[in-house]
Every structure is written in C-alpha cells, then in structure tokens.
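S.K.: Show me the folded form of this:
(one chain, ligands or ions: 4)
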Amino acid sequence: MKLTDEPVKEIDRLIMEQIKSPVELLNQACFHLITAGGKRIRPRLMALITGLISPDAVRNMDILSMGAAVEILHTATLMHDDVIDEGLMRRGIPSVNSAYGNKVAVLGGDYLFTKAYNATIKATDARISRVFSDALTTLVQGELTQMTNTANLEITEESYFRTIYSKTAVLFEITTKIPGLILNRTDAEIEALAKYGRNIGYAFQIADDILDYTSDSEVLGKVVGKDMDEKKITLPLIYALNNDRGISRETIYEAINGGCVERILQIISDTDAIASCDKVAERLISEAIDAIAVFSESDYMQALRELAYASYRRKY
Ligand code: IPE
Ligand code: IPE
Ligand code: MG
Ligand code: MG
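M.R.: Ligands and ions are numbered 1, 2, ... in the order given. Prediction:
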C-alpha cells in the first residue's frame, strides 16, 4: 500500500463530511466535481510532508483536516476557473458550469471557499488561518492578473512566474508549510518545506501549460487547446515568441489568431520551446529536492523526490 493511501482516504472522508449542505443543488454541484476524481496531489503532498517531518504525525487530525481544507479550496478555484475560462470539461466529465450553469458554479465555488476557510478557524495554531487567507487573496489576484495579460505578447518570463506563483504555486506552498507550522518546526525548516512546495507548484503549472498543447482531451480530462483559444500566453509560447530561429512574432501572432493548434505546435517544436521549459522545470525540481535535504532520509523523502519529478513528467 502506498504511503499516502490511508491519509488521503481519510482526507476524502473529511471533505465529504464538511461539504454537506441542506441545499440539494449545492450538494449536487459540489459532489459532481469532487467525486469525479482528480489527482488529489495536494492532500498526497501534505501527507508525505507530514511523514517526512514525523512519521508518527500522519494521523494528526489537525493536519488531516487542513488537508481537506486545501483540497476543498482547490476545488473551489476549479469551479470558478471554469466559469472564467469557459471550460466545458473537467476531470473527464462536464464542468459544473456546463452541467449546472454559471450561477450555480459561482455560488458553489463561494460555498466551498467558506467551507475551506471554516476548517482553518478550528485549527489551534492562529498562524494557519492567516496563511490560508493570505493564499486566498494571492489566488484571486493571480487569476485576475492572468486575465489582464490576455493576448499580451510582450509578457515576460518573470511576469509569467509571478502569475503562476499566485494562481497555483501559492497553494502548493501552503500545503507543504502547514504541517511544519502545526508540528512546530523551526522557521528555517518551515521555509525549506515552503520552498519545496512552491517549486513543485511552479513545475506543476508549467506541465499543465504544456499539456494544454500536447495532450488530448480524453487523457487530460479537459478540453485541450483552451489556452490558445483564450490567447493565454504561457511559458511554451513565451519561449517560442523569443526564439532565435528567425520565426517572427507576427508569424506566431497570426498562428495564435488563426486558432490552429497544429500550427502552434509546429512552432513550439521548431523553436525548441518545450526543451527550454524542461530546463527550467528540472532546475526547480532539483532545488525543491535540495531544500528538504535538511530532514532525515526516509521512505517519505524518497516518495517526495518521486513526486517532485512526477509533478512535471505527467500525462494528465
Ligand atoms: C488543475 O489542478 C489546475 C492547476 C493548478 C493546473 P490539478 O491538475 O491538480 O487538478 P485535479 O485536482 O487533478 O483535477
Ligand atoms: C489553473 O490554471 C488556475 C487555478 C488556480 C484553478 P488553468 O486555467 O490553466 O487550469 P486548468 O487548465 O483550467 O485546469
Ligand atoms: Mg482554466
Ligand atoms: Mg491549464
């Protein structure tokens, strides 16, 4: 049995318990998304980090309940993200907005935000709810910054990284930081955990942005080519736009406007943009692994090394 099977099962149980509502439509919308699957990478990550710090703590109820809070928060962002991005498919089935409409998806997401936050109020350590609400602020700012950067071909790599920190990496960062806070580790250890999470979050989003071009909808469980449709300029395109192979920005701009994924894919391949993404991701991953070397070697450490690579080299 995998190290994380039991805690993730318990976190799932807590999620189901916490999101029950007397309003049937809210139940339906939330269960629709939560029971549709999802990788549960954040709960798994929290369980492994907990084991890394102290194997005895993997059943710590405060941590498990924060695992549920983080996954509920993630689910809320997905529900709203699909309204914003007009995403029709999620986890291989129709998205909440597509099955129940935008209004239900907005309210369903709001409902889940409150449920996630509620779990943090019960946490004994006051820092937890602060870290959680700051992350929520950052997430909202990230989604909005991304919107304002739509079709901006001048977007820099730095600006891309700022955006993906806000919309994705911050949640990974608090996922790995929270067990450290609950288990009263030193500031230096907490920063090491935060760095691991943050870097994995960056790599995870870069992979998502690549898969949006290279995967297929069946495998990915969501519609591919969406970023191009919405003129979201993600890392593969940023590298393609700054190529030294003589492919002009106008050519790329026309390809984006033309809406042909094959054409963009050809440009991405001609400019070696994926190889450039790989290089950055590899650096992020190795820095993440180095950061947690302050903890003792264990099965958890090994699993965290594997998860670091898997967060990038994944198919969906
Ligand atoms: C999707 O997250 C949104 C991103 C941050 C890229 P996941 O890829 O973790 O989604 P699920 O939970 O597995 O469906
Ligand atoms: C993830 O970005 C944003 C969230 C924090 C939900 P995307 O918009 O690329 O995520 P997907 O591709 O729809 O899952
Ligand atoms: Mg989206
Ligand atoms: Mg995406």
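
S.K.: Return the distance of whichever residue of the chain sits closest to ligand 3 relative to Glu254.
M.R.: Relative to ligand 3, the nearest point of the chain is Asp85 (3.7 Å; CB to the ion). Every residue, glycine included, has its C-beta placed from N, CA and C. Plainly put, Asp85 is 23 Å away from Glu254 if you go by CB to CB, to the nearest Å.

S.K.: what's around Asp229, how many residues?
M.R.: 15 (other CB atoms under 10 Å).

S.K.: what does the protein put close to ligand 3?
M.R.: 81, 85 (CB under 5 Å from the ion).

S.K.: picking that back up, Asp85 and Glu254: who's more crowded?
M.R.: Legend: neighbour count by other CB under 10 Å for Asp85 and Glu254, higher for Asp85 (20 against 12).

S.K.: The more buried one contacts Glu230, correct?
M.R.: Yes. Applying CB atoms under 8 Å, one finds Asp85 in contact with Glu230, separated by 6.3 Å.

S.K.: Please, where are all the helices along the stretch 101-250 of the chain?
M.R.: Listed in chain order, the helices of the stretch 101-250 of the chain (DSSP state H, counting those that start in this stretch) span 102-121, 126-148, 157-164, 170-182, 187-214, 217-220, 226-229, 235-241, 249-258.

S.K.: who does the longest one touch, helix- and strand-wise?
M.R.: In this case it means helix 187-214. helix 41-53, helix 157-164, helix 170-182, helix 226-229, helix 235-241, helix 261-270, helix 273-291, helix 299-310 (3 or more CB pairs under 8 Å, 6 or more residues apart in numbering; DSSP states H and E).

S.K.: what's the angle from it to helix 261-270?
M.R.: Compare the direction of helix 187-214 with that of helix 261-270 by axes from the mean of the first three to the mean of the last three CA atoms, to 10 degrees and you get 130 degrees.

S.K.: Give me the mean pLDDT for helix 187-214.
M.R.: The average pLDDT for helix 187-214 rounds to 98.

S.K.: Can you name the residues of this protein sitting close to ligand 1?
M.R.: Residues of the chain lying near ligand 1 by CB under 6 Å from any ligand atom: 38-39, 41, 91, 168, 205, 208.

S.K.: List buried residues within those residues.
M.R.: Listed as buried from the residues of the chain next to ligand 1 are 38, 41, 91, 168, 205, 208; burial here means 16 or more other CB atoms under 10 Å.

S.K.: list the contacts for the fourth one?
M.R.: Residues in contact with Thr168 (CB atoms under 8 Å, 6 or more residues apart in numbering) are 142, 201-202, 204-205, 208.

S.K.: Also near ligand 2: which of those residues, exactly?
M.R.: Among the contacts of Thr168, ligand 2 is touched by Asp208 when using CB under 6 Å from any ligand atom.

S.K.: what's the closest of the contacts of Thr168 to ligand 1?
M.R.: Asp208 (3.6 Å; CB to the nearest ligand atom).

S.K.: what's the closest non-adjacent residue to the closest one?
M.R.: Nearest residue to Asp208, sequence neighbours excluded (CB to CB, 6 or more residues apart in numbering): Thr168, at 7.8 Å.

S.K.: ok, that neighbour to Ile247 distance?
M.R.: Taking CB to CB, one finds Thr168 at 29 Å from Ile247.

S.K.: same check, this time on Ser129
M.R.: Distance, Ser129 to Ile247, using CB to CB: 49 Å.

S.K.: Kindly report the same for Gly109.
M.R.: On the measure of CB to CB, Gly109 and Ile247 end up 40 Å apart.

S.K.: burial of Ala303, as a residue count?
M.R.: Look at Ala303: counted by other CB under 10 Å, it has 20 neighbours.

S.K.: just use 23 as the starting number from now, easier for me
M.R.: Got it, the first residue is 23 from now on, which makes the last one we talked about Ala325.

S.K.: ok, it - contacts?
M.R.: Ala325 neighbours (CB under 8 Å, 6+ apart): 25-26, 70, 73.

S.K.: Ranking by neighbours, what's the top pick from those residues?
M.R.: Ranked by neighbour count (other CB under 10 Å), the contacts of Ala325 have Leu70 at the top, with 26 neighbours.

S.K.: Thr26 is in contact with that one, correct?
M.R.: Yes. Between Leu70 and Thr26 there is a contact at 6.1 Å, judged by CB under 8 Å.

S.K.: got a list of what Arg327 touches?
M.R.: Contact analysis of Arg327 by CB under 8 Å, 6+ apart lists Ile311.

S.K.: likewise Pro77?
M.R.: If you count contacts by CB under 8 Å, 6+ apart, Pro77 has them with 320, 322.

S.K.: give me phi/psi at it?
M.R.: Main-chain torsions, Pro77, degrees, to the nearest 10: phi -50, psi -30.

S.K.: How about the contacts made by the residue of the chain most remote from its centre?
M.R.: Largest separation from the mean C-alpha position in the chain: Gly268, at 34.2 Å (CA atoms, centre = their mean). Taking CB under 8 Å, 6+ apart, we find Gly268 in contact with no residue.
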